[in-house]
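Undergrad: need a structure here:
(chains A, B, C and D)
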Protein chains: 2
Amino acid sequence: MHADQDIMPMAERDPSPRKGSRTAARVRASALKLFARHGYAAVSMRQIASDVGVQPGALYNHFPTKQDILKDLMLSHMRDLLNAWSALADETRQSTAPLDVFVRFHIRYHLQRREEVFISYMELRNLEPDNFAEVETERRRYESILKAILEDGQNSGAYRIADTGVAARAIIAMLTGIPNWYRESGPLTPVDIEEIYLEMARGSVAATPLTASIESD
Amino acid sequence: MHADQDIMPMAERDPSPRKGSRTAARVRASALKLFARHGYAAVSMRQIASDVGVQPGALYNHFPTKQDILKDLMLSHMRDLLNAWSALADETRQSTAPLDVFVRFHIRYHLQRREEVFISYMELRNLEPDNFAEVETERRRYESILKAILEDGQNSGAYRIADTGVAARAIIAMLTGIPNWYRESGPLTPVDIEEIYLEMARGSVAATPLTASIESD
DNA sequence: ATTGAAAATGAATGATCGTTCATTTACTTT
DNA sequence: AAAGTAAATGAACGATCATTCATTTTCAAT
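TA: Model (predicted):
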């Protein structure tokens, strides 16, 4: 029900809650919403402060600059994503096809955290170089998970992939487009979407070049 | 070689070139470059003017507002894209598989006009409602081209698609992600990329659910 | 050469931007 | 209850924003 309840900045966890107000978390929540809706550059610190219900200057008790808010949101999203994958991968039976597990995980996670995902894809160019490099590292780490899955399938003969790196990016791009059009009020449930995209993802890498042979050059 | 030579705003074509300077075209070119690089909201009219080599006020001889520059760029891109498709579709032999034609066209066009594409996907939310509606209409028109191709294949039994609308968006999302990572200096030529994505697109909709049957529920 | 209109200038408009800071308020610890 | 620190206020900083406009320049048509 209540979404932002225990969000911690990045590290920094004092055993005593230390503060009487969880303003930092509310700043993150407001910035997340506003950045996702209007874009980082189009949102002012005054708008964030107003949404939090605080004066602009108060924001600087929690984040040194506006840029740091963006960095915090993007980096913690990537790390949460990677941690969620690690947790799932550990507890999953090995009998399930890894590609299926990954596709379902990605879709599920991205439909649940639409704003974070949106920001992480749209605001990369608004990150200052150092911050960009940090986020990009995490991003590549995530891509490499799928790449490894595809390489395994390639080696076992289940898949037929010309370039596993390209294929990984292609599948991720396909999946990540979902939140752009998905509406909760629409006809498709998240499970429906999982099934549709899962079949498409399987087919896109499957070792069955039947359609290709119809019109060989 | 010279790219922006005869770009006309949208309609308005005087038979006599009428003006001594083609400033409007240079404004479009500069705005295109800067919007693609930094984002609409992060680019000022002063930056555009400076890039054109003119004073800020001069921009207003050619575009009434900054928003109109963005609208012009996005709308003319979508219309150019649709016109390019129409021209290609008219002259193509019917023997070639329509999906192949579309995928190759999309990749080719999007690798050639990377900045236009980037803006058209990133700056949608910076369009004022009326302008957004106009661009969205063209966007849906483009999606419906692929959707119709998939429906034909579905009806002929060549494809097996749960939802052609979703599949069309999935394929377009997959293809449109290419300019995000493609580098001319990279190991893959545009033709390589066409081949890779073409096979993936074919497989994603092909009526060969072989891999799915391996692990039926 | 003169005319007339389009294009560019240069300066200004008020608004809004991110950020700072002295001061006050709120709350935890003693 | 007192002390001390974190958080919030309210006002201000200089910079920059999109846009306007009177004036000058440019240049094709006469």
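Undergrad: can you list the buried residues in the longest helix anywhere in chain A?
TA: If you go by DSSP state H, chain A has its longest helix at helix A:129-156. Neighbour counts over helix A:129-156 (16 or more other C-beta atoms under 10 Å in any protein chain shown) mark A:131-132, A:135, A:138-139, A:142-143, A:145-147, A:149-151, A:153-154 as buried. Placement of C-beta: from N, CA and C, glycine included.
Undergrad: what's the average pLDDT for stretch A:196-205?
TA: Average pLDDT, stretch A:196-205: 96.
Undergrad: one more: stretch A:152-170?
TA: 96.
Undergrad: mind checking the end-to-end distance for that stretch?
TA: 17 Å (C-alpha to C-alpha, to the nearest Å).
Undergrad: give the buried residues for it.
TA: Neighbour-count burial for stretch A:152-170, counted by 16+ other C-beta under 10 Å, picks out A:153-154, A:158-159, A:161, A:163-170.
Undergrad: okay if I get these as CSV plus distance to DNA strand D?
TA: Putting those into CSV (distance: C-beta to the nearest atom of the strand, whole Å) gives the following:
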residue, distance to DNA strand D
A:Gly153, 49
A:Gln154, 49
A:Ala158, 52
A:Tyr159, 48
A:Ile161, 45
A:Asp163, 41
A:Thr164, 43
A:Gly165, 38
A:Val166, 37
A:Ala167, 40
A:Ala168, 38
A:Arg169, 33
A:Ala170, 36
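Undergrad: now the two most distant members of those residues.
TA: Across these, the longest distance by C-beta to C-beta is 19.8 Å; it joins A:Ala158 and A:Arg169.
Undergrad: hmm, back to that, going by distance to A:Ile107, which of the buried residues of helix A:129-156 wins?
TA: A:Leu146 (12.8 Å).
Undergrad: quick one: contacts for that closest one?
TA: A:Phe102, A:Ala168, A:Ile171, A:Ile172 (C-beta atoms under 8 Å, 6 or more residues apart in numbering or on different chains).
Undergrad: about what we covered before: same for chain B: which of the buried residues of stretch A:152-170 are within range?
TA: Filtering the buried residues of stretch A:152-170 for neighbours of chain B using C-beta under 8 Å from any C-beta of the partner chain leaves A:Ala158, A:Asp163, A:Val166, A:Ala167, A:Arg169, A:Ala170.
Undergrad: okay, and the third one sits in which element?
TA: Following DSSP states H and E, the helix or strand that holds A:Val166 is helix A:164-176.
Undergrad: helices or strands up against that helix?
TA: Applying 3 or more C-beta pairs under 8 Å, 6 or more residues apart in numbering or on different chains; DSSP states H and E, we find helix A:164-176 packed against helix A:98-112, helix A:129-156, helix A:190-205, helix B:164-176, helix B:178-181, helix B:190-205.
Undergrad: go ahead and measure how far that helix is from the middle of the chain.
TA: Centroid displacement of helix A:164-176 relative to its chain, using C-alpha atoms, centre = their mean, to the nearest Å, is 14 Å.
Undergrad: can you give me the angle that helix makes with helix A:190-205?
TA: Taking axes from the mean of the first three to the mean of the last three C-alpha atoms, to 10 degrees, one finds helix A:164-176 and helix A:190-205 inclined to each other by 160 degrees.
Undergrad: run a quick neighbour tally on the nearest residue to A:Gly39 once chain neighbours are set aside.
TA: The shortest distance from A:Gly39 to any non-neighbouring residue, by C-beta to C-beta, 6 or more residues apart in numbering or on different chains, is to B:Ala41 (5.6 Å). By the criterion of other C-beta atoms under 10 Å in any protein chain shown, B:Ala41 has 19 neighbours.
Undergrad: again with A:Thr65
TA: 12.
Undergrad: tell me who's in contact with the most centrally placed residue in chain A.
TA: Centroid-nearest residue in chain A: A:Val117, 4.3 Å away (criterion: C-alpha atoms, centre = their mean). The contact partners of A:Val117, by C-beta under 8 Å, 6+ apart, come to A:His77, A:His110, A:Thr176, A:Pro179.
Undergrad: can you list the low-confidence ranges for chain A?
TA: A:1-21, A:209-217 (pLDDT under 70).
Undergrad: if we can go back for a sec, do any residues in the longest helix of chain A lie close to DNA strand C?
TA: No - using C-beta under 7 Å from any atom of the strand, helix A:129-156 stays clear of DNA strand C, coming no nearer than 12.8 Å.
Undergrad: A:Tyr74 reaches A:Arg125, doesn't it?
TA: Small correction: residue A:74 is Met, not Tyr. No - the pair A:Met74 / A:Arg125 is not scored as a contact, 11.8 Å apart, by C-beta atoms under 8 Å.
Undergrad: between those two, who's got more neighbours?
TA: A:Met74 (26 against 15).
Undergrad: the inter-axis angle of the host helix or strand of the more buried one versus helix A:129-156?
TA: Taking DSSP H and E as the criterion, A:Met74 maps to helix A:66-91. Interaxial angle, helix A:66-91 versus helix A:129-156 (the same axes, to 10 degrees): 20 degrees.
Undergrad: tell me which residues of helix A:66-91 come out buried.
TA: A:66, A:69-78, A:81, A:85.
Undergrad: so A:Arg108 makes contact with A:Pro190?
TA: Yes - judged on C-beta under 8 Å, A:Arg108 makes contact with A:Pro190 at a distance of 6.8 Å.
Undergrad: pick out the residue of chain A closest to DNA strand D.
TA: A:Gly57 (2.6 Å; C-beta to the nearest atom of the strand).
Undergrad: what's the burial count for that residue?
TA: Neighbour tally, A:Gly57, other C-beta under 10 Å: 9.
Undergrad: pull the contacting residues for it.
TA: Applying C-beta under 8 Å, 6+ apart, no residues contact A:Gly57.
Undergrad: would you confirm that it belongs to a helix?
TA: Yes - counting by DSSP: H, G, I helix; E, B strand; the rest coil, A:Gly57 is part of a helix.
Undergrad: next up, the contacts around the nearest residue to A:Ala170 once chain neighbours are set aside.
TA: Excluding its sequence neighbours, the residue lying closest to A:Ala170 (C-beta to C-beta, 6+ apart) is B:Met174, at 4.9 Å. Residues near B:Met174 by C-beta under 8 Å, 6+ apart: A:Ala170, A:Ile171, A:Ala173, A:Met174, A:Gly177, A:Ser204, B:Tyr197, B:Met200, B:Ala201, B:Ser204.
Undergrad: nearest to DNA strand C among these?
TA: Nearest member of the contacts of B:Met174 to DNA strand C, counting by C-beta to the nearest atom of the strand, is A:Gly177, at 28.8 Å.
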